[in-house]
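A.B. asks: Return a 3D structure for these sequence lines:
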Amino acid sequence: MTTPPIQWYPGHIAKAEKALKEQLKLVDVVLEVRDVRIPLATQHPQVSQWTGSKTRVLVLNRMDMISPQVQKLWESWFVAQGEVPYFTDAQHGKGTVAVVKAAQAAGVEVNKKRRDRGMLPRPVRAVVIGFPNVGKSALINRLLGRRAVESAARPGVTRQLRWVKISDRIELLDAPGVIPAKLDDREAAIKLAICDDIGEASYDNQLVAAELVDLIGYLQDTSGNLLPRSILESRYGLDATNVTGEDYLLTLANERYQGDAERAARQLLNDFRKGNLGGIPLELPPN
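C.D. replies: Numbering: from 1, shown residues only. Reported below is the predicted structural model:
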C-alpha cells in the first residue's frame, strides 16, 4: 500500500505556535495533554524545548478508551522514564482533580521564590498544550467546573490564545492545538489520522481505515491479551484473520454498504473513535 497522502495546512498553527512561544514566557506550568491511545505519536517534538525548565505536567487523556491493564503498563513505563503521568477522562471529569493539585503544587514553589524576592504571591499561570482534538478544551472546562471554552469533536476549534481564571490560585491559558510543521514518521501520521488528532488535515479515509484494520490485526497477533477479543468480527460479523486491511474494507463495503468503500471506511473510523470497537490502544510501551 502506498503512503497515505496525509497533508495538513497549518497556516493558523504556525501563527498560533509563534503566539504560544511568546505566552510561554509568562507561564509557570505547562499541562501537556496527549491521547492515551497513542501517547508517543501525540508527543510534540518541540514541547520540551519550548518549556525549558518550567514544570511540565503530563496528562494522558481518554483513559476510558484503554483497559486498566494497558493504563498500568503505560504508567510503569513513564515512571521508568522519570515522568509522572496523570490519566484523565476529561469528557466525564475523571482524574482532573489530581491535575489541578499538580499545577497548584508548582504554584507553591513559584510563590515561595516570589516571597524570597520580596514580591507578593499571585495565581499560578498554567498553559494547556497538545495536538488538536486530544481533549484540551474538555479538560479546561472540567477544571473550571463550567463550560468556558468551546469544545468540539472537530479538531482545531480553539484558534485564539485566551486566559481563563480557574480559581484564586490558578489562571489557565487555552492554546490552539499545535502539530509539527512536518511529520516525517509515517506510522505516527497514520495513528494521528486514525484517532482524528491531526487537526486541519486532509487524508484518504479508505487508506487510513485499511491501515487501522492492519494495525488491529498486528496488535492482536503480538499483544492479544491486552485487547478485546475478535474486535472486528464482533462488530461486523466478518473475520479479519489472514486478509489485508484493504481487502477487509472492500468485503465490508460489499456485505454492508452496497459496495461503497468510502462509507465503510468512515463507519470503521467512526466506530473506533467513539469506542464502539472496545478499548483499543494503538501503541503499547516500547520494550
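A.B. asks: contacts, neighbours, all on C-alpha from now
C.D. replies: OK.
A.B. asks: Could you chop this protein up by domain?
C.D. replies: As recorded under automatic domain parsing, the domains making up the chain are 7-174, 204-273.
A.B. asks: Can you flag the weakest of those domains by average pLDDT?
C.D. replies: Of all the domains of the chain, mean pLDDT reaches its minimum on domain 7-174 (a mean of 85).
A.B. asks: what's the helix or strand for Lys191?
C.D. replies: Here Lys191, judged by DSSP states H and E, is contained in helix 186-195.
A.B. asks: In that helix, which residues are buried?
C.D. replies: Judged by neighbour count (16 or more other Cα atoms under 10 Å), helix 186-195 contains these buried residues: 188-195.
A.B. asks: quick revisit: who wins for proximity to Lys182 among the domains of the chain?
C.D. replies: Closest approach to Lys182 among the domains of the chain is made by domain 7-174 (8.8 Å; Cα to Cα).
A.B. asks: how about the strands of this protein, start to end?
C.D. replies: Along the chain, the segments classed as strands by DSSP state E run 7-8, 29-35, 55-61, 85-88, 124-129, 162-165, 170-174, 201-202.
A.B. asks: Regarding the protein, what is its longest helix?
C.D. replies: Secondary structure of the chain read by DSSP state H shows that its longest helix is helix 96-116.
A.B. asks: and Arg142, what is it in contact with?
C.D. replies: Taking Cα atoms under 8 Å, 6 or more residues apart in numbering, we find Arg142 in contact with 90-91, 93, 96.
A.B. asks: Of the residues you listed, keep whichever come out buried.
C.D. replies: With neighbours counted by 16+ other Cα under 10 Å, the contacts of Arg142 contain buried members at 90-91, 96.
A.B. asks: quick revisit: what does the helix holding Lys191 contact?
C.D. replies: With contacts defined as Cα under 8 Å, 6+ apart, helix 186-195 is touched by 3-4, 6, 38, 41-42, 183, 198, 203, 208-209, 211-212, 269, 272-273, 282.
A.B. asks: As a quick check, tell me the outermost residue of this structure.
C.D. replies: Ranked by distance from the centre of the chain (Cα atoms, centre = their mean), the top residue is Gly118, with 40.5 Å.
A.B. asks: Any idea how many residues pack against Asp185?
C.D. replies: Asp185 sits with 9 neighbouring residues when counted by other Cα atoms under 10 Å.
A.B. asks: Make 35 the first number, not 1, from now on.
C.D. replies: All set: I'll call the first residue 35, so the last point we hit is now Asp219.
A.B. asks: so the residue nearest the centre of the chain bridges to which residues?
C.D. replies: In the chain, the C-alpha nearest the mean C-alpha coordinate belongs to Asp69, at 2.5 Å (Cα atoms, centre = their mean). Going by DSSP bridges, Asp69 is paired in beta bridges with Asn95.
A.B. asks: Test my guess that it contacts Leu92.
C.D. replies: No - checked against Cα atoms under 8 Å, the pair Asp69 and Leu92 is beyond contact range at 10.8 Å.
A.B. asks: list the contacts for Pro275?
C.D. replies: For residue 275 the amino acid is Thr, not Pro. Gly251.
A.B. asks: Check the gap between it and Ile228 for me.
C.D. replies: Counting by Cα to Cα, to the nearest Å, the gap from Thr275 to Ile228 is 20 Å.
A.B. asks: ok, Val80 - how many residues close by?
C.D. replies: That one is not Val; residue 80 is Gln. Gln80 - counted by other Cα under 10 Å - has 10 other residues nearby.
A.B. asks: typed the wrong thing, it's Val131
C.D. replies: Other residues lying near Val131 total 12 when counted by other Cα under 10 Å.
A.B. asks: Next: Lys55.
C.D. replies: Around Lys55 there are 12 residues (other Cα under 10 Å).
A.B. asks: so Arg90 makes contact with Val61?
C.D. replies: No - here Arg90 lies out of contact with Val61, judged by Cα under 8 Å, at a distance of 10.8 Å.
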